[in-house]
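Student: How does the following fold in three dimensions:
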Amino acid sequence: MPFKDPIKRKEYKKKYYQIYCKTHPYKYDKKYHKDWHQKNKKDVKTLKNKREKATREWLISYKTSMKCNKCGFNSHPAALDFHHIDKSKKDKTISQMIRNYGKEAIMKEMDKCEVLCANCHRILHYEEKVREEKQNDSSKRLLNQPNNDIDSQPDSLPNDPLL
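Tutor: Residues are numbered from 1 along each chain as shown. Got it, this is the predicted structure:
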């Protein structure tokens, strides 16, 4: 697009459609697509379901060649999970991506993950949770401990005239 600004882009499209697409001006273009979608709703849904099913089957067949990175489990693909190593780089879960993304995007997201069996994955998250709770408890204790420098001073000052 020649314009990054959405308002200018919209104006450009209007002019383009009015000049070059006189049979389908911009005003009616939206209506046409909306009507087409309403007429073909069932077909669109079946196509989407087919695409999702094909992607899910591809993922299952892909998982059959994998095994757990911790214990080596590879008996059933349904028991293998993708664990994001760095949560900050996580876009979406793989199971969410099956519905609306292609194989390339899913593969890119899988590169950010390690494969774990369901048991190892649950244990890992449990250990992370326990570790976080211990850190939170220790930081709370540090905040609640009295500061020795301030508390070691007496409450009242001596009657020294120089002070």
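Student: Mind listing residues that contact stretch 41-61?
Tutor: Applying C-beta atoms under 8 Å, 6 or more residues apart in numbering, the external contacts of stretch 41-61 come out as 37, 77, 78, 94, 98, 99, 101, 102, 103, 106. Bear in mind the C-beta positions are built from the backbone N, C-alpha and C, glycine included.
Student: How far away from the center of its chain is the longest helix along the chain?
Tutor: Determined from DSSP state H, the single longest helix within the chain is helix 118-144. Centroid separation for helix 118-144 versus its chain: 22 Å, with C-alpha atoms, centre = their mean, to the nearest Å.
Student: and it, which residues are buried?
Tutor: 120, 121 (16 or more other C-beta atoms under 10 Å).
Student: what does the average pLDDT come to for it?
Tutor: Taken as a whole, helix 118-144 carries a mean pLDDT of 87.
Student: which other helices and strands contact that helix?
Tutor: Contacts defined by 3 or more C-beta pairs under 8 Å, 6 or more residues apart in numbering; DSSP states H and E place helix 118-144 against strand 80-84.
Student: So residue 13: helix, strand or coil?
Tutor: Of the three states, residue 13 takes helix under DSSP: H, G, I helix; E, B strand; the rest coil.
Student: count of neighbours near it?
Tutor: Residues near residue 13, counting by other C-beta atoms under 10 Å, number 14.
Student: Could you check how far it is from residue 30?
Tutor: The gap separating residue 13 from residue 30 is 11 Å, by C-beta to C-beta, to the nearest Å.
Student: A strand includes residue 66, no?
Tutor: No. Per three-state DSSP, residue 66 lies outside any strand segment and is coil.
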